[in-house]
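> following is a predicted model, sequence given first.
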Amino acid sequence: MRFINLGLALALAATVAACQKPAPKPGAVDGARIAAADGNADWVSYGKGYSEQRFSPLTKVDTKSVGQLGLAWYAQFDTDRGQEATPLMVDGVLYTTTAWSKVYAFDAATGAPKWSYYPKVAGAKGFDACCDVVNRGVAVWKGKVYVGALDGRLIALDAATGKPVWSVQTTDPKKPFTITGAPRVVKDKVLIGNSGAEYGVRGYISAYDAASGKLVWRFYTIPNPTGAADGAASDKVLKEKGQSTWPEGAWKLVGGGGTVWDAIVYDPALDMIYFGVDNGTPWNQEQRSGGKGDNLFVSSIVAVKADTGEYVWHYQVNPGESWDYSAVQPMILADLTVAGTPHKVLMQAPKNGFFYVIDRTNGKLLSAKPYVPVTWASSIDLATGRPVENPSARYKDQVELQMPSSFGGHNWHPMSFSPKTGLVYIPAQTVPFAYQNDPNFVYKPGGWNLGINLLANAAPMTPEQQKALAAQVKGMLIAWDPVQQKAVWTVQHPYFWNAGVLTTAGGLVFQGAAEGQFYAYDAANGKQLWAYPTGNGVIAAPMSYELNGEQYVALMVGAGGAGQISSPALLPQRPRLPGRLLVFKLGGTAKAPPFVLPAQPEVDLSKVSTTGDPKHGYVVFNNNCQVCHGANATGSWLPDLKRSPMITTPADFNSVVMEGVRAHNGMVSFSRFLKPQDVEDVRAFLISQGKGEPLPGAAAVAKTAVGAK
């Protein structure tokens, strides 16, 4: 009897001990956990696991049950700009970011807020953000949450409280650098790049010690214009391979570009880091380096050793890139059999319209076929890896209406690979762009430095030309077979600039869309199985996780980014709305209230006069303002200037444009770029457009810029 009682006592003690086992420390993520995430219910890194396949093995939500998907909970944010983050879920806590680099933590089952953090980025820094004040998410590692702030800081937060642990300035704050991408953590090193290539910076990627924030290594993507060594991991390869590919040109003034603002992927089996490199500065190679040289490592995929940043190999997608065809788009790692031979591959659908399959052990190109219509090249030579460019593609002496545009056949919006179907699902688009050399290019410190004539895309058009142009602008979801190198199915969207993608073992593909819908498709054939009206445009990629036996699907909602800012006329006409996080589960019954539409300003211009020249204002506006307010002031997302009360008086308009009274909103003073008469001429142009007057300019300009080829 005593033995039995002792046994019962021991069993009871073990049960009590098990019940009292401490919960995991918040943010308990390490390399083993990220490596395992591809095969479990976790979502602990930006692309789920190290392969960044964005494929969930969860099956509770499948092709048969997806119709029962309902809202479990939601959160609304105080930022009304683009929402690009992919949330992470670690041990019951969901972490996400919003525009302006704000960080939030929620109970992943109920949505109860746990903490939030605002890095207090100065509003004026928004001017340096070419493509909106966005942020794509956080990294979590060993009790800390890491975020890259728009102003170039890398910040470590306590995962339990959201309080800062350390902060380091990763960029020169005097230069137009920004950070919009999500950090990755590899072997106790936080990897982060930056943006700013449109303005004029020299790109690099950095690795910081995850515990202390100390710089471990840095790799520059562009040679030092002075020819000196940087004391960086890139010194040797830039001296041996890079310097000779950069002849004289404007790059020595502007830095050359080549920023690393998004794609960073780690392969634990090979212990290599792969990162994509942005366009050069200026875009136009004719101005950048006299139209000569490959300009390494612009528009390249680079492989380096994880511990040291030492160069291993590179593949240049566009040698001497001249169209903003960056190679920073998301990359996916997988094992594929290509032409009968197994390969460890890296897959990318960069801006230039070709889908690349590369052997990631050595950088050898295995295949490259166009996934959208391409006019700048006929093919990619598999022997050399170089594009076979069309003779007029470099627009030296003519206007070249080309596809893809600088928006790319695919931009930053994450694609996904399903091992179950063997297909890659690409959020693709077709948008034409008129490239024309600017022979009068002069470097503008702090401004956009493209080396092209932006007026070529703002020329007046006849109704027939407008209709023909609009017919070429399309958005689509493409299911791409990377082995057979062809599309299996395609879903057409009514607009371009649609959201990133999630695939699941339940046979589903999830994607949000610009028109304000969240869709689920059959991964095998593209049939739409479910839709949910989000009330606002979607550009972020969804994710999925399991908690307490329930499968959840989470999505950040909020229109914005480069497409919405610079081409609002091609997208749904709606005001800026607050961002939301929507989280769904089977049988969810929560209701998110309709958005409250902000009042739109009304302005009477019938009695407003000006001494300005609208014809000159048309030129000044499109050379300086269209990248944020749309060509010819068609913008309706950032303030629609032709309907703004500030244009009714010269003093009000001057206070914004020259005095910078709205710098806190990102509208800094343009006094370094414009003269007082320029400003009044722009006001005259805006008044003319507000009154519905025809655009200034010659019909010949319209024919040159937009005419059929």
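Perfect, thanks for sending it.
> now do the helices in the protein.
Along the chain, counting by DSSP state H, helices occupy 2-19, 31-36, 235-237, 251-254, 285-289, 463-472, 561-566, 614-624, 626-629, 650-657, 676-690, 699-706.
> distance to Met415 added to those, as CSV?
To be clear about C-beta, it is placed using only N, CA and C from the backbone, and glycine gets the same treatment. Converted to CSV, the helices of the chain look like this (distance: least, CB to CB, whole Å):
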stretch, distance to Met415
helix 2-19, 43
helix 31-36, 20
helix 235-237, 29
helix 251-254, 31
helix 285-289, 28
helix 463-472, 22
helix 561-566, 16
helix 614-624, 33
helix 626-629, 26
helix 650-657, 40
helix 676-690, 38
helix 699-706, 31
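> quick check: which of those is buried the most?
helix 285-289 (a mean of 27; mean count of other CB atoms under 10 Å).
> so where's the stretch 501-650 of the chain shaky on pLDDT?
Low-confidence segments of the stretch 501-650 of the chain (pLDDT under 70): none present.
> whoops, I mixed them up, the chain
Ranges of the chain meeting pLDDT under 70: 1-22, 697-709.
> skipping adjacent residues, who's closest to the spatially most central residue of it in space?
Nearest to the geometric centre of the chain sits Trp412, at 3.6 Å (CA atoms, centre = their mean). Leaving aside its sequence neighbours, Trp412 sits nearest to Asp262 (CB to CB, 6 or more residues apart in numbering; 5.3 Å).
> quick one, what contacts that neighbour?
Neighbour list for Asp262: 136, 180-181, 193, 276, 328-330, 412 [criterion: CB atoms under 8 Å, 6 or more residues apart in numbering].
> mind checking how far it is from His413?
10 Å (CB to CB, to the nearest Å).
> cool, Tyr118 as well?
Distance from Tyr118 to His413, by CB to CB: 26 Å.
> one more: Thr98?
In this view, Thr98 and His413 are 17 Å apart by CB to CB.
> also Ala233?
Noted for Ala233: a distance of 30 Å to His413, by CB to CB.
> check Pro391 too.
32 Å.
> neighbour count: those two, which is higher?
His413 (26 against 5; other CB atoms under 10 Å).
> wait, the more buried one touches Phe496, no?
No - with contact defined as CB atoms under 8 Å, His413 does not reach Phe496; the gap is 10.6 Å.
> so who does the residue nearest to Gly612 when sequence neighbours are not counted touch?
Once flanking residues are discounted, Gly612 sits nearest to Ala684: 3.1 Å by CB to CB, 6+ apart. Counting by CB under 8 Å, 6+ apart, Ala684 makes contact with 610-614, 617.
> list just the nearest of these to Ala35.
Nearest to Ala35 among those is Gly617, at 57.0 Å by CB to CB.
> need the distance between the two termini of stretch 640-655.
Taking CA to CA, to the nearest Å as the measure, stretch 640-655 stretches 17 Å from start to finish.
> same deal with stretch 236-253?
OK, stretch 236-253 end separation, CA to CA: 23 Å.
> now do the buried residues in it.
Neighbour-count burial for stretch 236-253, counted by 16 or more other CB atoms under 10 Å, picks out 237-238, 242, 245-246, 249-252.
> go on, stretch 120-139?
For stretch 120-139, burial by neighbour count (16+ other CB under 10 Å) applies to 121, 124-139.
> do stretch 94-114 as well
Result for stretch 94-114 [16+ other CB under 10 Å]: buried residues 94-106, 108-109, 114.
> many thanks, have a good one.
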